[in-house]
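[1] sequence and predicted structure are below.
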Amino acid sequence: MPLDTGHRLVVDIGGGSTELIIGQGFEPLELESLDLGCVTLSERYFADGKLSAKRFERARVAAQQELEPVQMAFRARGWETVAGSSGTVRAIFEALRELDPQCTAITLPAMEELIQVLVRAGSTRAIPLLAVTDERKPAFAGGLVILTEVFAQLGIRTMRAADGAMREGLLYDMMGRFTSEDARERTVRSMQQRYHVDTAQAARVEDTAVAFLTQVQQAWQLTDPLAELALRWAARLHEIGLDVAHSGYHRHGAYLLENGDMPGFAREEQLLLARLVGAHRRKLVLDGVEDLIPPWDVLAVNLILLLRLAVLLHRDRSGAPLPAMTLVPRGRTLELQFMLRSLRDHPLTSADLQQEVEYLEAQGLRLRIFTA
């Protein structure tokens, strides 16, 4: 749909959930996913195909209960225009146009009238509307209830039905990845802002981690473009857990990445980031890495090692340049060669590296440090 200058509310009703989003341009401002779908609601209240006023009333109360916790936040944020996507919204709009050819948008009074049409029909099979196909009839009542209550609870006046839905969104996202509009990059920037990341420190860690990657990517088979992208994103977001608590912040960060809304990211990409961030410091814990889809269930360990070393070497947060260093992978052994006469002048770094040697040994990995 054409861009609006103000806030736009988007409603998407799926089979198992309903998404509500307020955004401006490309930036989401308020997001919520409700455990309320047209299939699940229909199976709960209209499973046998019978349609009655009493059943619609019970279904509407259930929808109201799901919407109640979010309605104040969405009303407070406000919007100028409203759009509905998905087949459910389009089917409702086409049904309204069938009842009234002059209809140009979805409204609450029109949907209340449509509910009465369904009540008079008495059953899903008898719905007298060409716009409601046989395939859609079993779940149509549930979708209509959800959209009616979204209007009622949020105070929506009119809604335009969008022609596009998930397919168009995926195509737009794929096109963006060949230009400068990768949705994942926007999501990472947004999360950095939301969780008050020290972006200068994140950039230092990112640069060092990627420099390490270039030295080992052939030997460790990390040539897939996602390897570098995941390492960069993990470096930028490795400290988001600090916004929750300093103690165990790597675990908090992993939880946020695994369970948060991250537009543009595939589920497996989110899980990969969560595993990298969750294992980037302290004792090396690889729980959940084995559940990643191949080959990332193996390659993620190597990315974790690179991120851990980059974070460790920037522990002082000073921004001072690091000495020249080289990584040499030899099977399950990683050699780190410093262009220094000795680490004695860097006692804290030396202590951290010795601790890292012990952490890795516990997982059957070896880190050897040389100075020259």
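    Looks like it arrived, so ask away.
[2] any idea how far residue 56 is from the spatially closest residue to residue 53 that is not a sequence neighbour?
    Residue nearest to residue 53 in three dimensions, not counting chain neighbours: residue 119, with 5.2 Å by Cβ to Cβ, 6 or more residues apart in numbering. Backbone N, C-alpha and C define where each C-beta goes, glycine included. Distance, residue 119 to residue 56, using Cβ to Cβ, to the nearest Å: 7 Å.
[3] who's more crowded, the two?
    residue 56 (20 against 15; other Cβ atoms under 10 Å).
[4] what's the helix or strand for the more buried one?
    Per DSSP states H and E: residue 56 is located in helix 53-77.
[5] centre of the chain to that helix, how far?
    From the chain centre to the centre of helix 53-77 is a distance of 25 Å (Cα atoms, centre = their mean, to the nearest Å).
[6] what lies in contact with that helix?
    For helix 53-77, contacts defined as Cβ atoms under 8 Å, 6 or more residues apart in numbering pick out 7, 9, 18, 20, 22, 29-30, 32, 34-36, 41, 44-46, 115, 118-119, 141-142, 145-146, 148-150, 152-155.
[7] report the buried residues of it.
    By 16 or more other Cβ atoms under 10 Å, the buried positions in helix 53-77 come out as 55-56, 59-60, 62-63, 66-67, 70-71, 74.
[8] ditto for stretch 206-223
    Counting neighbours by 16+ other Cβ under 10 Å, stretch 206-223 gives 206, 208-210, 212-213, 216-217, 220, 222 as buried.
[9] ok, stretch 346-365 next?
    346, 349, 352-353, 356, 359-360, 365.
[10] out of those, list just those in strands.
    If you go by DSSP state E, the buried residues of stretch 346-365 have nothing in strands.
[11] ok, then the element right after the helix holding residue 56?
    In N-to-C order, the element after helix 53-77 by DSSP H and E is strand 81-85.
[12] my read: residue 13 touches residue 143, true?
    Yes: Residue 13 is within contact range of residue 143, at 5.3 Å (criterion: Cβ atoms under 8 Å).
[13] which sections of the protein are below the confidence cut-off?
    179-181 (pLDDT under 70).
[14] mind giving me the domain ranges of it?
    Listed by automatic domain parsing, the domain ranges of the chain are 8-164, 181-371.
[15] any chance of the ones you listed in TSV, with distance to residue 1 too?
    Shown next, in TSV, are these (distance: least, Cβ to Cβ, whole Å):
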stretch	distance to residue 1
domain 8-164	6
domain 181-371	17
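[16] inside helices: which ones of the buried residues of stretch 206-223?
    Within those, residues falling in helices by DSSP state H are 206, 208-210, 212-213, 216.
[17] export the residues you listed to JSON lines and tack on distance to residue 80?
    JSON lines is the format used below for those (distance: Cβ to Cβ, whole Å):
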{"residue": "206", "distance to residue 80": "38"}
{"residue": "208", "distance to residue 80": "45"}
{"residue": "209", "distance to residue 80": "43"}
{"residue": "210", "distance to residue 80": "42"}
{"residue": "212", "distance to residue 80": "48"}
{"residue": "213", "distance to residue 80": "45"}
{"residue": "216", "distance to residue 80": "51"}
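[18] name the nearest of those residues relative to residue 164.
    residue 206 (34.5 Å; Cβ to Cβ).
[19] excluding chain neighbours, what is closest to the closest one?
    Per Cβ to Cβ, 6+ apart, closest to residue 206 is residue 235, 3.7 Å.
[20] in a strand, that neighbour, correct?
    No: with DSSP: H, G, I helix; E, B strand; the rest coil as the criterion, residue 235 is located in helix rather than a strand.
[21] that one is in contact with residue 209, isn't it?
    Yes: the pair residue 235 and residue 209 qualifies as a contact (Cβ under 8 Å) at a distance of 5.1 Å.
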